[in-house]
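**Student:** Next comes the sequence, and after it the predicted model I'd like to discuss.
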Amino acid sequence: MCLALLFFFSLATTLGPRASAQTIRVDATPSHSTNVVRPSEALGAGIDRLPYGAADKLYVDDTIKQVLSAGWQTVTYRQNTELHMEAWHWNPQGTWSDPAGKGYFTGSPAPGAEMIRHSYGYPLPHRGVTRDDGTDTVGYSRLTDGDPNTYWKSNPYLAETYTGESDALHPQWIILDLAKPRLISAIRIQWAEPYATHFIVQYFTGEDPIRKPTLGVWQAFPGGTITGGKGGDPILQLSSVPLLLQHIRILMTASSNTCDTHGSADKRNCIGYAIRELYLGTASADGKLHDLIRHTPDQDQTMTYCSSVDPWHEPSDLDEHAGDQVGFDLFYTGGYTRGLPAMIPIAMIYNIPEDAANEITYIEKRGYPISHVEMGEEPDGHFMNPEDYAALYIQFAAALHRVDPKLRLGGPIFTGVNKDIETWPDSSGHTSWTGRFISYLKSHGKLDELAFFSFEHYPYEPDKIQWSNLYDEAKLVTGIMRVWREDGVPANVPLLITESNLSWVDSEAFVDIFGALWLADYICAFLNGGGAAVYYFHYMPLGIGHGINGSMGTFGFFSTDKDLKIKQPLSQFFASQLITLEWVQPGSGEHKLFSAESDIRDGADNHLVTAYAAKRPDGQWSLLIVNKDQDNAHTVKISFDDSSQPGPGSFSGPLNVKIFGKAQYQWHPSQTGGNADPDGPIASSTINAEPNASYELPAASITVLRGNLKYPEPGSRKAHN
């Protein structure tokens with residue numbers, strides 16, 4: 001008797017979540033719709049820079065067919081060369097500003113007989129950044145490379161000649177990071193032309209001016225303010241007593257407007273600021289500087305950052321093997337775009353307006369459809385001042401709208417953050433990057449040039465992904481949308497996530513069932529929260545490789561062999577199909593989204609089950625449900641609450657059920673890659689739904705229920721309950 005009772009108690013405990021049905025309530029009142037989306041515009045994917053030689057292997061019919069079967073619709077072209085501080089030759093044919101065949105390159109707007117299949121980037125020779133959030137360990141700064149014949153130069157398009165504003169309103173800067181605090185009292189700046197006539201040498205009082213810009217202030221050295229600079233390379237005594245410091249900034253506010261080594265024929269050579277080399281340390285009584293800087297032309301140099309870089313370059317800077325930006329003709333005709341309008345980038349941070357205008361001219365002359373134009377690439381990752389980005393934005397917008405006034409322009413394509421982006425305070429104490437960008441456009445009467453606000457979404461630090469992260473996603477993505485609105489992004493400006501995945505470095509989490517649950521929850525939460533469009537990244541299969549901490553993973557939803565032929569679909573492929581082919585009806589039909597709330601939580605009040613409702617153009621209701629409980633199934637009842645109806649509604653009649661969970665997919669890692677077994681397909685069935693029915697959600701699963709609703713008849717007993 002005791003053993004029997006013990007067994008019964010144990011069984012009841014094990015099946016506890018199934019013992020009594022819990023509830024998902026959908027607010028189905030028509031006027032309470034949270035968003036209206038069209039899949040052909042709202043559900044897209046991104047195609048980025050590819051390894052050298054990969055494009056020809058990936059633009060093949062069988063691969064394209066399998067990729068398209070994931071169901072994503074429109075495509076965004078990602079601009080990776082700008083991310084790596086390169087000048088992008090989107091068209092290999094064009095003209096150089098210098099007749100000698102170098103300088104500022106403008107691609108030809110005229111379509112030729114030969115289709116553009118490949119395009120490449122040219123690393124900028126006047127770079128002043130060792131590495132930032134895009135360049136990683138590629139290239140190096142010319143400020144501490146040990147070569148007096150090279151130099152950093154700022155972007156001439158941020159000078160008064162182009163902005164129409166005093167240079168003091170767009171101060172340019174460089175920062176030295178000594179890696180740890182050192183005693184500093186003197187600096188030697190080996191100026192090139194043009195040099196700064198007015199500048200201030202400062203030190204940062206906080207821990208990190210780049211990643212924690214508001215936790216400290218820039219303080220001028222006692223001898224650091226110069227108002228009559230003459231260039232050259234004199235030693236500047238900053239302080240009579242050495243100070244223990246790590247971060248030093250040179251802030252430049254007025255230029256000599258003298259011409260650099262490229263000559264006076266082009267005015268862009270004669271505006272901005274240029275520095276050959278930096279030396280920093282202490283000065284002895286005889287005036288000699290004891291330098292602390294490590295000068296070397298590689299990543300082992302003393303690290304520097306800069307506000308901008310001159311896009312001047314020459315043919316010898318090209319490195320084709322660094323990667324291939326798919327040529328526009330191949331991109332549009334190869335098959336991945338489905339013939340739909342695509343989001344196109346223009347290089348802006350390291351480019352010239354004429355080249356961007358010619359790019360759009362070329363695309364339109366070819367008859368290729370454009371949905372949006374993204375301006376630049378990740379200015380926050382390049383630590384760019386918001387006013388500088390906005391000044392370029394206005395210049396490039398004017399050039400683009402001269403080509404086509406109907407173009408929808410937007411940005412700033414943030415790197416993927418979960419909180420407001422802060423920068424050093426302006427004269428009014430404002431630190432919000434977005435807020436200041438919006439304010440600049442507004443104060444210049446150009447806010448209407450911002451047709452959409454785009455950002456990336458990489459919510460988790462790559463080495464800190466745990467199962468519990470799943471509980472945070474819906475709050476993270478809707479939270480950052482709220483931040484942008486609070487920063488001043490107008491309510492009528494759509495929010496677009498144009499690149500996204502779990503993290504900015506891949507891992508096993510991407511290909512495990514975890515990655516599928518995250519993707520479904522994230523996409524639906526964003527759209528339900530009012531997002532206009534979201535793009536999966538990365539569309540093309542690039543195979544499984546070593547990610548964070550040696551973990552094997554991939555950005556994408558297929559594994560491949562060494563020749564990039566698809567081997568098997570991965571977890572995010574199946575999640576993609578549930579979102580794009582089951583939850584919504586593929587095509588351009590209008591879908592109305594509605595809030596859904598579950599009462600299934602754990603002891604820490606985490607939402608174990610999230611749900612997202614859509615009223616499809618075929619008249620059916622679709623409910624996508626994510627069970628984030630990795631150990632337990634849950635049984636739920638579903639109530640559709642419509643204030644215009646006499647009582648709660650429920651699915652009724654034939655109900656299409658799709659399930660993807662551990663029974664359909666399990667990832668088995670290995671040191672050489674891993675494999676999925678079982679590897680789909682999505683479980684599919686049709687049942688006859690009855691009022692007040694219960695539905696079981698398997699542990700760690702995505703379920704889509706799709707069918708018609710039935711509400712109680714007026715006057716019935718159920719209508720009064």
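**Tutor:** Yep, it's here.
**Student:** Do you have the helices of the stretch 51-200 of the chain handy? List them.
**Tutor:** Here the stretch 51-200 of the chain has its helices, by DSSP state H, counting those that start in this stretch, at 55-58, 61-68, 80-83, 160-163.
**Student:** Turn those helices into JSON lines, columns for distance to Pro30 and mean neighbour count.
**Tutor:** The way it works is simple: take the backbone N, C-alpha and C, and place the C-beta from them, glycine included. What follows is the helices of the stretch 51-200 of the chain, written out as JSON lines (distance: least, CB to CB, whole Å; neighbours: other CB atoms under 10 Å):
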{"stretch": "helix 55-58", "distance to Pro30": "44", "mean neighbour count": "18"}
{"stretch": "helix 61-68", "distance to Pro30": "34", "mean neighbour count": "14"}
{"stretch": "helix 80-83", "distance to Pro30": "43", "mean neighbour count": "24"}
{"stretch": "helix 160-163", "distance to Pro30": "49", "mean neighbour count": "18"}
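**Student:** For Thr304, find the nearest of these.
**Tutor:** For the helices of the stretch 51-200 of the chain, the distance to Thr304 is smallest for helix 80-83, at 18.7 Å, taking CB to CB.
**Student:** which strands and helices sit next to the closest one?
**Tutor:** Applying 3 or more CB pairs under 8 Å, 6 or more residues apart in numbering; DSSP states H and E, we find helix 80-83 packed against strand 86-89, strand 118-123.
**Student:** returning to what we had before: worst mean pLDDT among the helices of the stretch 51-200 of the chain?
**Tutor:** Among the helices of the stretch 51-200 of the chain, helix 80-83 has the lowest mean pLDDT, at a mean of 91.
**Student:** ok now it, how far from the chain's centre?
**Tutor:** On the basis of CA atoms, centre = their mean, to the nearest Å, helix 80-83 sits 12 Å off its chain's mean C-alpha point.
**Student:** Other residues contacting it?
**Tutor:** Under the contact criterion CB atoms under 8 Å, 6 or more residues apart in numbering, helix 80-83 has outside partners 48-49, 87-88, 120-121, 134-135, 323, 325, 345, 347-351, 376-378, 381.
**Student:** What about Asp448? Give its phi and psi, please.
**Tutor:** Here is the backbone geometry of Asp448 (degrees, to the nearest 10): phi -70, psi -10.
**Student:** need the strands for the stretch 51-200 of the chain, in chain order.
**Tutor:** 75-77, 86-89, 94-98, 102-107, 118-123, 152-153, 172-184, 186-191, 196-204 (DSSP state E, counting those that start in this stretch).
**Student:** Now render those strands as CSV, adding mean neighbour count, distance to Leu243 and mean pLDDT.
**Tutor:** As requested, the strands of the stretch 51-200 of the chain are exported to CSV (neighbours: other CB atoms under 10 Å; distance: least, CB to CB, whole Å; pLDDT from 0 to 100):
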stretch, mean neighbour count, distance to Leu243, mean pLDDT
strand 75-77, 24, 48, 98
strand 86-89, 26, 37, 96
strand 94-98, 16, 44, 98
strand 102-107, 22, 41, 98
strand 118-123, 21, 36, 96
strand 152-153, 30, 25, 98
strand 172-184, 18, 6, 98
strand 186-191, 22, 11, 98
strand 196-204, 22, 7, 98
